[in-house]
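**Student:** the following comprises the amino acid sequence and a computationally predicted model.
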Amino acid sequence: MMTMTMKTEFCPALMGALVVVTRGIHAEMERDPQFRDAVTQALARFQMLDWGDTCAEDVQTNTECLETHDRLFAVYLTCGGKIYIIADPAANGQKYKYITVLYPSEY
């Protein structure tokens, strides 16, 4: 039997970051409660360093970026389609200032 350990703590470097969504994401969240829940779940996963449906190369890049506080990027498949979540660092390089949720077409 295989046992999986799930991370349940938020990444301290992401705590306090301002979460913003694009107009497209916002409109769909207003229209569809299931999508709103899916985005909320994806954000929680992102803040726990669960990179969702991100390719292996970008997962490795995220691991490296956590050390240098460079931009983080993740992909999640939701009931409303694929979404991206991106974290941009603060100017001081100590924490992340913004977390943005967007559709790939809005990138």
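**Tutor:** All right, it came through fine. Numbering: from 1, shown residues only.

**Student:** ok, now which ones touch the residue lying closest to Lys95 once chain neighbours are set aside?
**Tutor:** Leaving aside its sequence neighbours, Lys95 sits nearest to Ala13 (C-beta to C-beta, 6 or more residues apart in numbering; 5.2 Å). All C-beta atoms are positioned from the backbone trio N, CA, C, and that covers glycine. Neighbouring residues of Ala13 by C-beta atoms under 8 Å, 6 or more residues apart in numbering: 66, 69, 94-96.

**Student:** could you rerun that using 10 Å?
**Tutor:** Shown in contact with Ala13 (C-beta atoms under 10 Å, 6 or more residues apart in numbering): 47, 49, 66, 69, 72, 87, 89-90, 94-96.

**Student:** tabulate those (a markdown table), appending secondary structure, distance to Thr78 and pLDDT.
**Tutor:** Listed next are the contacts of Ala13 as a markdown table, based on DSSP: H, G, I helix; E, B strand; the rest coil; distance: C-beta to C-beta, whole Å; pLDDT from 0 to 100:
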| residue | secondary structure | distance to Thr78 | pLDDT |
| --- | --- | --- | --- |
| Gln47 | helix | 16 | 95 |
| Leu49 | coil | 19 | 95 |
| Leu66 | helix | 24 | 90 |
| His69 | coil | 27 | 86 |
| Leu72 | strand | 18 | 96 |
| Ala87 | strand | 18 | 96 |
| Pro89 | strand | 25 | 90 |
| Ala90 | coil | 28 | 84 |
| Gln94 | coil | 31 | 70 |
| Lys95 | coil | 27 | 86 |
| Tyr96 | strand | 22 | 92 |
